[in-house]
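**Student:** Mind folding the following:
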Amino acid sequence: MERVFAEFTTSLTNLKRNPSRVIEEAGGAPVAILSHNKPKAYLISPETYRELLEAQEDLELARVVEQRAGDDDKFVPVTLDEL
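**Tutor:** Have a look, this model is predicted:
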C-alpha cells in the first residue's frame, strides 16, 4: 500500500461534490486526494505552499553557496561595517 502523507484524506469524487466542505473540515491541514485508495494529489493551504516554495528556494541558494565555497579566489573579504 502506498504511504499517505496527510492526516486528512478524501476521495476525488467527494472533493468534486463539495470542495468547500473538504477544505473547511481539514482546517488548513494538508488533504490527500485518493483515487482507488491511492493518493493522486495533495491539497494544501496557500500558507503551506508558500512555505514549501521558500524552503525550496533556501535549498537552491544553499547549493549555490556550496558550489561557490570551493572557489576561494572568488571570495572578497569584507568587514561588517563595509556591508
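**Student:** use CA for all of it now, contacts and neighbours both
**Tutor:** Noted.
**Student:** What average pLDDT does the top helix by length along the chain get?
**Tutor:** Across the chain, the longest stretch assigned as helix under DSSP state H is helix 46-69. For helix 46-69, mean pLDDT is 93.
**Student:** Could you tell me how far that helix lies from the centre of the chain?
**Tutor:** Mean C-alpha position of helix 46-69 versus that of the full chain (C-alpha atoms, centre = their mean, to the nearest Å) differs by 11 Å.
**Student:** swap in stretch 10-18?
**Tutor:** 23 Å.
**Student:** likewise stretch 19-32?
**Tutor:** 17 Å.
**Student:** model confidence over that stretch, on average?
**Tutor:** On average, stretch 19-32 scores 96.
**Student:** Now that stretch: buried residues?
**Tutor:** Neighbour counts over stretch 19-32 (16 or more other C-alpha atoms under 10 Å) mark V22, I23, A26, A29, P30, V31, A32 as buried.
**Student:** Report the contact partners of the first one.
**Tutor:** Which is V22. T10, L15 (C-alpha atoms under 8 Å, 6 or more residues apart in numbering).
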